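J.: pasting the sequence and the predicted coordinates here, then a few questions.
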There are 2 protein chains.
Amino acid sequence: MTADTLAKNFDAIFNPKAVAVIGASSTFGKWGQLILSNIIAGNFGGKIFPVNPKEKSISGLTAYSRLLDIPEKVDLAFIATPAGAIPGILEECGEKGVRGVVLITSGFSETDEAGKRLEKHITSMCREKSLALVGPNTMGIICPYAKLFATGSHTRPREGSVAFVSQSGNLGLQLIHWAEEQGIGVSLFVGSGNEAMFSCTDYLEYLKDDPRTRIIVLYMETVGEGRRFLDVVRKVHSKKPVIVLKGGRTEAGRTAAASHTGSMGGKQTIFRAACRQAGLLDVRFPTELLDLSAGFSSLPLPRGNRVGIVTLGGGWGVVTADECNLRGLVIPDIPESIIETIGRYLPQFWSKGNPVDLVGTRDLEVPIVAVEELLKWEGIDAVISLGIVGRLELVRSLIESTREVDATVSEEFLKQMSALSREYEKDYIAKIVELMETYEKPIIGVSLANTNEGTVRPVAGKRYSGLFYQTPENAVNVLARMVDYNRFVS
Amino acid sequence: MTADTLAKNFDAIFNPKAVAVIGASSTFGKWGQLILSNIIAGNFGGKIFPVNPKEKSISGLTAYSRLLDIPEKVDLAFIATPAGAIPGILEECGEKGVRGVVLITSGFSETDEAGKRLEKHITSMCREKSLALVGPNTMGIICPYAKLFATGSHTRPREGSVAFVSQSGNLGLQLIHWAEEQGIGVSLFVGSGNEAMFSCTDYLEYLKDDPRTRIIVLYMETVGEGRRFLDVVRKVHSKKPVIVLKGGRTEAGRTAAASHTGSMGGKQTIFRAACRQAGLLDVRFPTELLDLSAGFSSLPLPRGNRVGIVTLGGGWGVVTADECNLRGLVIPDIPESIIETIGRYLPQFWSKGNPVDLVGTRDLEVPIVAVEELLKWEGIDAVISLGIVGRLELVRSLIESTREVDATVSEEFLKQMSALSREYEKDYIAKIVELMETYEKPIIGVSLANTNEGTVRPVAGKRYSGLFYQTPENAVNVLARMVDYNRFVS
């Protein structure tokens, strides 16, 4: 059976109706407990069968001694038993008609020669038995649309359009944890582990046609079948942006990667040059993978590199303009007519240019007026808006102080102020998203505040989302990369 | 009177016994309310006199019609009235024997020719009357040791060793807000505003000999007296690290700065070359100012560029090693003896090298053993430790899931797990700090978690602090810059 045929089994893995957890446990912190409790707590919609010969019941579910004892059909088996037991379990999987296996267990090719042999053996067993194999040495998978959260760390991002494939489980899961915190919607996460059967390239092929996936994030340390990878990724990337971080770009990183995944990272310079040629979005830091995911999944693509900046404070306008210039983005002069319209809302001595400095205004209309005036002008391809949404944080602390020091200010008034600020923020986000739909140009927010609200702020029923990075450099980086991608596809 | 003599008045500004707020208000959100309520809520230890001709009492304090009506001595006056009223107020300040003025009011040289003339006039008035003048067009000052928090935004960082001087109030205050969130200790904040009397250079001269200040952060858009600035900063920097962000490095940034502060940014290439020559730590992003502040104020200086990496996950070790290499830091091979000692705590197939990959161990001793083994070896100058402290976040979500899905696990057990994790983290931080004191080498943590605990984690009675950045790139950047500074001073 070819990998291609097996790929058809991906549906059994990523959208199963019934799963077994072999090696399920009720011992706090064991892999068999981590995975099982995560699947249950994540409200998986299908059936869940714990398998453990020593238990009658785990987490309120009937536990079975062996896979074959389960009285119903099983599509997918998670396996977290010691390596030696795996061949026997795979026999049972074959007999039971299981279609996919996620093999958490480590101790295979990442260790020594015996481990390599064992991995080879179980892989050919899987092929014989038509078992699609994720791993071994994987930290699991997450399929938000199936409500299947099957990883060791309990992180449950919302449904969305970004797929993550990671050769490092630990790094990949941390990314997903951040994605959850930031409100980035996820279509799929796979820790590809040792890639005994499926490589990143195979997952890419699957994701190319997955209708829920619009953006693909890869963390790779090794590239097997370099030419095939480049062929596939080029095809995918012209349809859906592929954002790549290659670990092991330096001597020290390669040495670290070799001891970690058991295979060498390959010729980095050649790889990067090829990635560049394919137009891939290769990044340097893991957090950039998230920043770009958030941008591509929330905004329309900019059609050019001309940026309007709207800021509540002069200094932030200056550093943002600097960073735009350094990244090849242009801050054009704006026409008199725009200056005049915005000027109606501002004190006489405002900056009268781009960046539009709102000089700490408390007028509630002008932040939106300024953004729209810039956006609707044909000389601008994107707007960066600084400080409006984060302001809520400052109002909060002012209200606290006022409550503390001034007994003459009524509690009702302060509550009203607080509610007004919250409503204003919500309203502002809704308007921003509306403007993006009207003009099909991106608006990138910078909150400056470390809010708990997340970077991505979806608006019900809308195609685009509000997007608020904490710092201008993140916003500019994402915009610059989106401009690159637009050039590549247009 | 010379600026030098006036600088002696800085003590009246930064450590006053009695302050007046002229233009004090009880109208929520007005400058006179922002400043006054912040000073009161911040528990300023001295006397506070609101001045407002229309009020009898503001925030529970007696309000005075005029400054001269205040029956006691006043050291420092905050002024937030319209620009036209300032000359009259300065007359009163002179008569009253006030020594310092913080002039919040804008509408001076940043606007037009008339504004420039008015600024010149009030500056010479201040000189005549021996009034030290901060501003105009400043967002205020923060003096944590005097418990004087006198800015528009209500942010109150803890006492510490980092002084901030910012030509942009808005940007500077956001930095202070982040400093507070991250636990960075602050000795002083000054928004220098239009710098009518004192320039950044004057503040630098003052801070050079301020015993509480060990690190100086500058945000500058314009450099008056370029040669004097470089002379002074060179002297200061050889005693205390000076970290600089120059806004207006590009054409677009300079244009923005010109409209914002009313003066041109000057020849950037020359300035940067001169800064480099002076060994200054010039940074590109505002957040770097904070990262470096946290590092320099929490850690001993590294004596070289050889780094040991300890990681809970292989992928993070790889990207950290890559980033070290790209920044000129070396990841040396470690001797057999260290591998043997650490190996006693780990499964047989661990990485056996640097990075030390703890392969997700739950052993509680080995994270400290590994750090100490590396640290005490003469071949290592610094250690980066990844993932240990942030783990608490993951344990938290696991406890939540377990509570939800498994009724057989007792609440008492889960509470115990939670308490153990918290204690472990506290204990780990205490040991890390102890190790830094023993070996006089820095240990930089990477939490990976977006904790609410802050980047800097002080330990009572200790010179150094635990330090945990969220990402490896931040940790590596700080370490690389500290290595640079060590080369410069040694």
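T.: That came through, no problem.
J.: got the domain ranges for chain A?
T.: With domains defined by automatic domain parsing, chain A comprises A:1-138, A:157-298, A:301-489.
J.: from those, which stretch is densest packed?
T.: Stretch with highest mean neighbour count among the domains of chain A: domain A:157-298 (a mean of 22; mean count of other CB atoms under 10 Å in any protein chain shown). C-betas here are computed from N, CA, C, even on glycine.
J.: and the closest residue in space to residue A:464 that isn't next to it in sequence, helix, strand or coil?
T.: Excluding its sequence neighbours, the residue lying closest to residue A:464 (CB to CB, 6 or more residues apart in numbering or on different chains) is residue A:436, at 4.5 Å. Reduced to three states with DSSP: H, G, I helix; E, B strand; the rest coil, the structure at residue A:436 is helix.
J.: how close does residue A:304 sit to chain B?
T.: Here residue A:304 is placed at a distance of 16 Å from chain B (CB to the nearest CB, to the nearest Å).
J.: where among the domains of chain A is average confidence lowest?
T.: The stretch with the lowest mean pLDDT among the domains of chain A is domain A:157-298, at a mean of 90.
J.: near chain B, anything from it?
T.: Yes - Domain A:157-298 comes into contact with chain B when judged by CB under 8 Å from any CB of the partner chain, the residues involved being A:166-172, A:174, A:177-178, A:181, A:219, A:221, A:245, A:247-253, A:255-257, A:259-261, A:284-287.
J.: so where do the helices sit in the stretch 101-250 of chain A?
T.: With DSSP state H, counting those that start in this stretch, the ranges of helices along the stretch 101-250 of chain A come out as A:113-128, A:169-182, A:200-208, A:226-239.
J.: I'd like those laid out as TSV, including distance to residue A:363.
T.: Listed next are the helices of the stretch 101-250 of chain A as TSV, based on distance: least, CB to CB, whole Å:
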stretch	distance to residue A:363
helix A:113-128	65
helix A:169-182	30
helix A:200-208	46
helix A:226-239	44
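J.: these: which one's closest to residue B:108?
T.: Proximity to residue B:108, assessed across the helices of the stretch 101-250 of chain A by CB to CB, is greatest for helix A:169-182 (41.7 Å).
J.: could I get the CA-only coordinates of the closest one as CSV?
T.: Presented in CSV, the C-alpha positions along helix A:169-182 are these (Å, rounded to 0.1, in the frame of the first residue of the first chain):
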residue,chain,number,x,y,z
GLY,A,169,5.9,17.9,20.0
ASN,A,170,7.0,20.1,22.8
LEU,A,171,7.5,23.2,20.7
GLY,A,172,4.4,22.5,18.6
LEU,A,173,2.2,22.2,21.7
GLN,A,174,3.6,25.3,23.2
LEU,A,175,2.6,27.1,19.9
ILE,A,176,-0.9,25.7,20.2
HIS,A,177,-1.1,26.8,23.8
TRP,A,178,-0.2,30.3,22.7
ALA,A,179,-2.6,30.1,19.8
GLU,A,180,-5.3,29.3,22.2
GLU,A,181,-4.4,32.3,24.4
GLN,A,182,-4.2,34.6,21.4
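J.: leaving out sequence neighbours, find the closest residue to the residue of chain A positioned farthest from its centre.
T.: In chain A, the greatest distance from the average C-alpha position (CA atoms, centre = their mean) is reached by residue A:408, at 48.2 Å. Residue nearest to residue A:408 in three dimensions, not counting chain neighbours: residue B:26, with 6.5 Å by CB to CB, 6+ apart.
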